[in-house]
Every structure is written in structure tokens, then in C-alpha cells.
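Asker: Sequence first, predicted model second:
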Amino acid sequence: MIKQGIDLSRWNTVSSFDDLKKEGIDFVILRIGGNNGGFYKDPKFELYYKAAKKAKLNVGCYYDTGKDFISSVIGHECAMHILKLMKGHSFEFPVYADIETVATVHKEGATDAAISFCETLEQHGYFAGIYASDISGFKDRLNLKRLEGRFSLWVARYGKKPEYVKDYAMWQKSNAGQLKGMLSKVDLDECTVNFPSIIKKKHLNGFKEVRNANS
């Protein structure tokens with residue numbers, strides 16, 4: 001089972017989520033906010049979240065961790081920020097820490113932060129994951145041995161499948177996709193895991209268990 005998806009932020013312009021669905025898109029991963037020069041919320045998140053849900057697309061989100069994502073303390077602070085942003089929303093796909101701009105000298109610190117971010121979200125009932133590039137991210141900026149097999153990985157590598165990271169659930173295969181429903185180029189993703197089934201079954205990511213009134 002391979003599902004096709006895209007990821008979006010304020011820099012992308014969508015004309016129709018219904019058209020994207022007709023194009024074969026199953027899921028969208030939205031930037032919800034980040035900690036890049038201070039905590040912020042993506043100004044298009046709410047608009048795109050509501051439109052994607054209305055089009056019956058599966059939705060996940062990611063958090064731009066920024067260059068200061070270099071300690072367990074910062075990882076926890078970022079997790080607490082995204083928890084506030086996610087309140088009142090539900091996500092069929094994981095919640096990802098997007099790690100791109102940390103200096104390579106902080107490799108172990110960035111790994112500490114990633115683990116703290118994910119573990120904090122897990123403690124609050126969320127399915128967490130980590131996004132980074134195959135080489136410049138997971139190889140140069142993170143200690144993959146401490147993450148692989150523990151958290152769900154979303155790997156960016158354009159032109160060919162990831163080679164450094166072997167165990168990943170999602171692959172960002174292009175940053176120049178052109179689709180009906182988009183007024184700008186867009187990142188294209190493939191997923192091989194049935195996240196909606198896993199997340200809903202375990203009542204994660206805002207999907208609360210529905211109890212029978214007679215139980």
C-alpha cells in the first residue's frame with residue numbers, strides 16, 4: 001500500500017483541495033508552526049486544515065524546529081508549544097519535528113531535542129515522528145542509531161529513494177510537484193504505513209475514544 005501526499009506551508013498556494021483529491025492525493029502534512037526566531041503559528045494552517053478536512057483528505061502536521069533545537073529542554077519547549085497549537089484539531093497522520101537548520105556540530109544535542117520532542121508528544125497521546133533529509137539531516141545533523149526503530153521517520157531525498165536511512169515510513173520524493181489544485185510547486189510524498197488506521201484505533205492525535213452510553 002503506497003499512498004500519495006503533499007506537504008504545505010504558508011509558501012504554498014492551493015486553489016482546490018477537491019482537485020488535489022481527484023489527482024490521487026490521499027494526505028496532506030501541514031506546517032502548524034515552529035520555533036525559528038521565536039515561537040510562531042503558520043498563518044495558513046487553519047485555512048488549509050479546514051479545507052483539507054472538508055475535502056476528506058487525511059491530515060498530519062509538522063513543526064519547524066529551527067536552528068536552536070539543540071537540547072532536551074528546547075525539545076520539550078517546542079513540544080509544549082505545538083500541543084497548544086494542536087488543541088481542538090485531529091490528525092490522521094503523525095506530528096513531525098522538522099529538523100533542517102541545526103548546525104552539524106550540535107548533532108547529539110539535536111538528537112536529544114528530537115527524542116524529548118517526540119516523547120513529550122507521546123506522553124500527551126500523539127503519534128510523533130521526525131522529518132529530515134537523508135544525508136544533510138539524518139546523517140549529518142542527527143544520530144540515526146538513537147532514532148531508527150524508535151520513532152517514525154519521514155525522509156527527504158529527491159530523484160531517488162533514501163539510501164542512508166533504511167527504515168522509514170514516508171519519503172519526500174520531490175520539491176517541484178505540479179498538480180491540479182495547486183497554484184505553486186509543491187513537495188510530493190509517498191507513505192507506506194496505514195497511519196489513519198493505527199492512530200484512530202489507538203485514539204491518538206485528538207481522536208478520542210467514543211464510549212457507549214450503556215457501558
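Answerer: All right, it came through fine.
Asker: Could you use CA atoms for every contact and neighbour count after this?
Answerer: Fine.
Asker: mind listing the helices for the protein?
Answerer: 17-22, 45-54, 72-86, 107-123, 195-201 (DSSP state H).
Asker: helices or strands up against the shortest one?
Answerer: In this case it means helix 17-22. Helix 17-22 sits against no helix or strand, with contacts defined as 3 or more Cα pairs under 8 Å, 6 or more residues apart in numbering; DSSP states H and E.
Asker: what's next to that helix, contact-wise?
Answerer: A51, A52, A55, L57, L179, K180, G181, M182 (Cα atoms under 8 Å, 6 or more residues apart in numbering).
Asker: Of the helices of the chain, which is nearest Q4?
Answerer: helix 17-22 (9.9 Å; Cα to Cα).
Asker: next one: that closest one to chain centre, how far?
Answerer: How far helix 17-22 lies from its chain's middle: 20 Å, per Cα atoms, centre = their mean, to the nearest Å.
Asker: out of everything not next to it in sequence, what's closest to M86?
Answerer: Leaving out its chain neighbours, the residue that sits closest to M86 by Cα to Cα, 6 or more residues apart in numbering is I32, at 8.0 Å.
Asker: In contact with the one you found, which residues?
Answerer: Contacts of I32 (Cα under 8 Å, 6+ apart): S9, K41, D42, F45, C61, Y62, Y63, I82, L85, M86.
Asker: would you list every one of the strands in this protein?
Answerer: Ranges of strands in the chain, per DSSP state E, are 3-8, 25-35, 39-41, 58-64, 95-98, 128-133, 152-156, 170-177, 186-191.
Asker: will you turn those into TSV that also has mean pLDDT and distance to V105?
Answerer: Below are the strands of the chain laid out as TSV (pLDDT from 0 to 100; distance: least, Cα to Cα, whole Å):
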stretch	mean pLDDT	distance to V105
strand 3-8	98	28
strand 25-35	98	19
strand 39-41	97	23
strand 58-64	98	19
strand 95-98	98	18
strand 128-133	98	16
strand 152-156	98	21
strand 170-177	98	25
strand 186-191	98	28
